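In: sequence isn't available, so here's the structure alone:
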């Protein structure tokens, strides 16, 4: 019998709280990577060198969503599961002083680390929010780009995550996710055999499930592209999609 969703969320929170505390106490010494293909090596050297060492150490993603979303000056960006803030800080550099970047995370220890990293970087136009990615504390139709880095697989209610990303985006807005995605041949049981939920394995969607979830939320122009292997049958993947321009404004 599987754990209740509340227990899974708590196991995720404890894991990343511990990672944040370790970085805070040890400076640039982070926890061991959750699994192969995850961590700061997913970023170009220029990106890593431009940020505080603590922000780089806190990188626990499987890609660099800021590199695939084509962020523009003045855009408003939301990072779902922002952790230590690396993608928020990189996004802030791209959208410039006229833009705005929100980081949303449920873990107080990660939020404290992200705030410290933003101060070290002298970042302007960033704001960190406490909350869960299934219930984003922002109004509808206010965001140009929603990003996320290896976090959606951790959710126990992925349809709610996709629906919330769609809700907060303005018509014509877009998503750029990095996430772990499973081959269609892997059943949920086979995914769980390869790794636990908090390690970004057991909760991964398959390629078909991911596409269907985004389509059900209303997204179009969906692109799901594997980038590198994580473990047998699971891949780090970039996901792009668009909220159509001809939709009624949500409330």
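Out: The structure has been received and is ready for your questions. Computed from a prediction, not measured in an experiment: that's the story for all the values here.
In: okay, now residue 185: neighbour count?
Out: 8 (other Cβ atoms under 10 Å). C-beta: built from backbone N, CA, C; applies to glycine.
In: which strand or helix spans it?
Out: Here residue 185 is covered by no helix or strand, with elements defined by DSSP states H and E.
In: now it: closest residue in space, sequence neighbours ignored.
Out: Leaving aside its chain neighbours, residue 185 sits nearest to residue 233 (7.0 Å; criterion: Cβ to Cβ, 6 or more residues apart in numbering).
In: could I get the phi/psi values of the one you found?
Out: phi 80, psi 0 (degrees, to the nearest 10).
In: same question, residue 133
Out: Dihedral angles (degrees, to the nearest 10) for residue 133: phi -70, psi -10.
In: which residues touch it?
Out: 80, 81, 104, 106, 148, 151, 152, 155, 161, 164 (Cβ atoms under 8 Å, 6 or more residues apart in numbering).
In: show me the contacts for the closest residue to the last one other than its chain neighbours.
Out: Spatial nearest neighbour of residue 164, excluding adjacent residues (Cβ to Cβ, 6+ apart): residue 136 at 4.6 Å. Applying Cβ under 8 Å, 6+ apart, one finds that residue 136 lies in contact with 78, 80, 104, 164, 165, 167, 168.
In: let me know the secondary structure of residue 136.
Out: Following DSSP: H, G, I helix; E, B strand; the rest coil, we place residue 136 in the coil state.
In: what's the separation between it and residue 102?
Out: 9 Å (Cβ to Cβ, to the nearest Å).
In: mutual contacts of those two, please.
Out: Listed as contacting both residue 136 and residue 102 by Cβ under 8 Å, 6+ apart are residue 78.
In: ok, the residue most central in space within the chain to residue 127 distance?
Out: Centroid-nearest residue in the chain, with Cα atoms, centre = their mean: residue 148, separated by 2.2 Å. Using Cβ to Cβ, residue 148 is found at 17 Å from residue 127.
In: please name the nearest non-neighbouring residue to residue 158.
Out: Per Cβ to Cβ, 6+ apart, closest to residue 158 is residue 213, 5.8 Å.
In: where in the protein is pLDDT low?
Out: 1-4, 27-40, 248-251 (pLDDT under 70).
In: before we move on, the earlier item: doesn't the residue nearest to residue 158 belong to a helix?
Out: Yes: remark: residue 213 belongs to a helix, assigned using three-state DSSP.
In: tell me how many other residues crowd the residue nearest to residue 134 when sequence neighbours are not counted.
Out: In this structure, residue 134 finds its nearest non-sequential neighbour in residue 160, 4.0 Å apart by Cβ to Cβ, 6+ apart. Residue 160: 16 surrounding residues under other Cβ under 10 Å.
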